[in-house]
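**Student:** Build me a model:
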Amino acid sequence: MYKFIYCEHEWGPKAFHLEGLIFSKYFCEFFSENFTKIFVNTTGLKPSSKVTLAGYKQRNELPIYQPGLVSKLNLVIWIMPEFNDNVSFCWKSKTGKIIKPTDEDFDEEDLECWIEGLKPDEY
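**Tutor:** Below is the predicted model:
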(Lines give C-alpha, C1' and ligand atoms only; values in the text may rest on other atoms or scores of the structure.)
Protein backbone atom coordinates (compact mmCIF):
# COMPACT_ATOMS: atom_id res chain seq x y z
CA MET A 1 0.00 0.00 0.00
CA TYR A 2 1.20 3.47 -0.85
CA LYS A 3 1.27 6.16 1.84
CA PHE A 4 2.18 9.80 2.07
CA ILE A 5 4.49 9.26 5.07
CA TYR A 6 6.29 6.03 5.95
CA CYS A 7 6.49 6.17 9.74
CA GLU A 8 8.50 2.98 10.03
CA HIS A 9 11.48 4.88 8.58
CA GLU A 10 13.39 7.14 10.96
CA TRP A 11 12.62 10.23 8.87
CA GLY A 12 8.84 9.58 8.88
CA PRO A 13 8.06 11.19 12.26
CA LYS A 14 10.51 13.99 11.38
CA ALA A 15 8.96 14.75 7.95
CA PHE A 16 8.12 18.33 8.99
CA HIS A 17 10.99 18.96 11.43
CA LEU A 18 12.26 21.90 9.37
CA GLU A 19 8.98 23.63 10.23
CA GLY A 20 9.49 22.78 13.92
CA LEU A 21 7.03 19.88 14.00
CA ILE A 22 7.95 16.36 15.07
CA PHE A 23 5.42 13.54 15.33
CA SER A 24 5.36 10.74 17.85
CA LYS A 25 5.55 7.43 16.00
CA TYR A 26 1.97 6.68 17.11
CA PHE A 27 0.62 10.01 15.79
CA CYS A 28 2.66 9.65 12.61
CA GLU A 29 0.97 6.32 11.90
CA PHE A 30 -2.46 7.78 12.74
CA PHE A 31 -1.86 10.77 10.43
CA SER A 32 -0.37 8.72 7.58
CA GLU A 33 -3.12 6.10 7.60
CA ASN A 34 -6.00 8.57 7.88
CA PHE A 35 -4.64 11.21 5.49
CA THR A 36 -4.00 8.53 2.87
CA LYS A 37 -7.41 6.89 3.30
CA ILE A 38 -9.35 10.18 3.17
CA PHE A 39 -7.32 11.51 0.24
CA VAL A 40 -7.70 8.34 -1.86
CA ASN A 41 -11.43 8.00 -1.06
CA THR A 42 -12.08 11.66 -1.91
CA THR A 43 -9.92 12.08 -5.02
CA GLY A 44 -9.44 8.56 -6.38
CA LEU A 45 -5.69 9.31 -6.58
CA LYS A 46 -3.07 7.21 -4.78
CA PRO A 47 0.15 8.61 -3.30
CA SER A 48 3.12 8.24 -5.63
CA SER A 49 6.16 10.16 -6.80
CA LYS A 50 3.68 12.39 -8.70
CA VAL A 51 1.09 12.71 -5.93
CA THR A 52 2.76 13.72 -2.70
CA LEU A 53 2.84 16.04 0.29
CA ALA A 54 5.11 18.95 -0.50
CA GLY A 55 5.09 20.16 3.08
CA TYR A 56 4.01 23.41 4.66
CA LYS A 57 1.44 25.80 3.19
CA GLN A 58 3.00 28.29 0.85
CA ARG A 59 2.31 32.03 1.00
CA ASN A 60 0.25 31.63 4.13
CA GLU A 61 0.62 33.07 7.59
CA LEU A 62 -0.93 30.05 9.31
CA PRO A 63 1.45 27.88 11.33
CA ILE A 64 1.96 24.30 10.18
CA TYR A 65 0.25 23.04 13.35
CA GLN A 66 -2.77 24.70 14.92
CA PRO A 67 -3.88 23.09 18.20
CA GLY A 68 -7.42 23.41 19.47
CA LEU A 69 -10.72 21.61 19.86
CA VAL A 70 -10.32 21.15 16.10
CA SER A 71 -6.59 20.75 15.48
CA LYS A 72 -5.03 21.21 12.04
CA LEU A 73 -1.90 20.39 10.10
CA ASN A 74 -1.66 22.98 7.32
CA LEU A 75 0.07 21.30 4.38
CA VAL A 76 0.50 21.39 0.61
CA ILE A 77 -0.58 18.54 -1.63
CA TRP A 78 1.48 18.35 -4.81
CA ILE A 79 -0.03 16.66 -7.85
CA MET A 80 2.42 16.86 -10.73
CA PRO A 81 2.66 18.74 -12.91
CA GLU A 82 -0.15 21.23 -12.35
CA PHE A 83 -1.42 21.32 -8.79
CA ASN A 84 0.16 22.68 -5.63
CA ASP A 85 -2.80 23.08 -3.27
CA ASN A 86 -3.07 24.16 0.34
CA VAL A 87 -4.91 21.57 2.42
CA SER A 88 -5.50 21.06 6.12
CA PHE A 89 -5.62 17.69 7.86
CA CYS A 90 -8.07 18.26 10.72
CA TRP A 91 -8.96 16.17 13.74
CA LYS A 92 -11.08 16.54 16.84
CA SER A 93 -11.82 14.40 19.85
CA LYS A 94 -15.41 13.37 20.45
CA THR A 95 -14.74 13.81 24.18
CA GLY A 96 -13.14 17.26 23.81
CA LYS A 97 -9.56 16.18 24.55
CA ILE A 98 -6.86 18.02 22.59
CA ILE A 99 -4.55 15.51 20.90
CA LYS A 100 -1.11 16.83 19.91
CA PRO A 101 1.20 15.39 17.21
CA THR A 102 3.72 14.52 19.94
CA ASP A 103 1.24 12.40 21.94
CA GLU A 104 2.34 8.78 22.19
CA ASP A 105 -0.92 7.26 23.36
CA PHE A 106 -4.48 8.26 22.49
CA ASP A 107 -7.72 6.55 21.58
CA GLU A 108 -8.05 6.69 17.80
CA GLU A 109 -11.72 5.71 18.12
CA ASP A 110 -12.26 9.00 19.98
CA LEU A 111 -11.02 11.02 17.00
CA GLU A 112 -12.80 12.26 13.90
CA CYS A 113 -10.60 13.47 11.05
CA TRP A 114 -11.02 15.05 7.63
CA ILE A 115 -9.12 17.06 5.02
CA GLU A 116 -10.12 20.62 4.13
CA GLY A 117 -9.18 22.19 0.80
CA LEU A 118 -9.21 19.17 -1.51
CA LYS A 119 -10.47 19.86 -5.06
CA PRO A 120 -11.17 16.39 -6.48
CA ASP A 121 -13.07 17.75 -9.50
CA GLU A 122 -9.94 19.63 -10.60
CA TYR A 123 -7.47 16.77 -10.23
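**Student:** in this structure, which segments are predicted with low confidence?
**Tutor:** 1, 9-15, 18, 56-60 (pLDDT under 70).
**Student:** Quick check: most distant residue from the centroid of it.
**Tutor:** Going by CA atoms, centre = their mean, the residue of the chain most distant from its centre is Thr95, 21.4 Å out.
**Student:** is it true that that residue touches Asp110?
**Tutor:** Yes - the pair Thr95 / Asp110 is scored as a contact, 5.6 Å apart, by CB atoms under 8 Å. For glycine as for every other residue, the C-beta is placed from the backbone atoms N, C-alpha and C.
**Student:** count of neighbours near Ile64?
**Tutor:** Counted by other CB atoms under 10 Å, the residues lying close to Ile64 total 18.
**Student:** what about the residue lying closest to it once chain neighbours are set aside, distance to Pro81?
**Tutor:** Nearest non-adjacent residue to Ile64, counting by CB to CB, 6 or more residues apart in numbering: Glu19, 4.4 Å away. Distance of Glu19 to Pro81, computed by CB to CB, to the nearest Å: 25 Å.
**Student:** next one: Ile38
**Tutor:** For Ile38, the distance to Pro81 equals 24 Å [CB to CB].
**Student:** Looking at the two, which one has more neighbours?
**Tutor:** Using other CB under 10 Å, the more surrounded residue of Ile38 and Pro81 is Ile38, with 16 against 7.
**Student:** so that one sits in a helix?
**Tutor:** Yes - looking at Ile38 with DSSP: H, G, I helix; E, B strand; the rest coil, it is inside a helix.
**Student:** count of neighbours near the residue lying closest to it once chain neighbours are set aside?
**Tutor:** Setting aside the residues directly before and after it, Ile38 is nearest to Ile115 in space (CB to CB, 6+ apart), at 5.1 Å. A count of nearby residues for Ile115, using other CB under 10 Å, gives 19.
**Student:** Buried ones in the host helix or strand of Ile115, by neighbour count?
**Tutor:** Using DSSP states H and E, Ile115 sits within strand 111-116. For strand 111-116, burial by neighbour count (16 or more other CB atoms under 10 Å) applies to 111, 113, 115.
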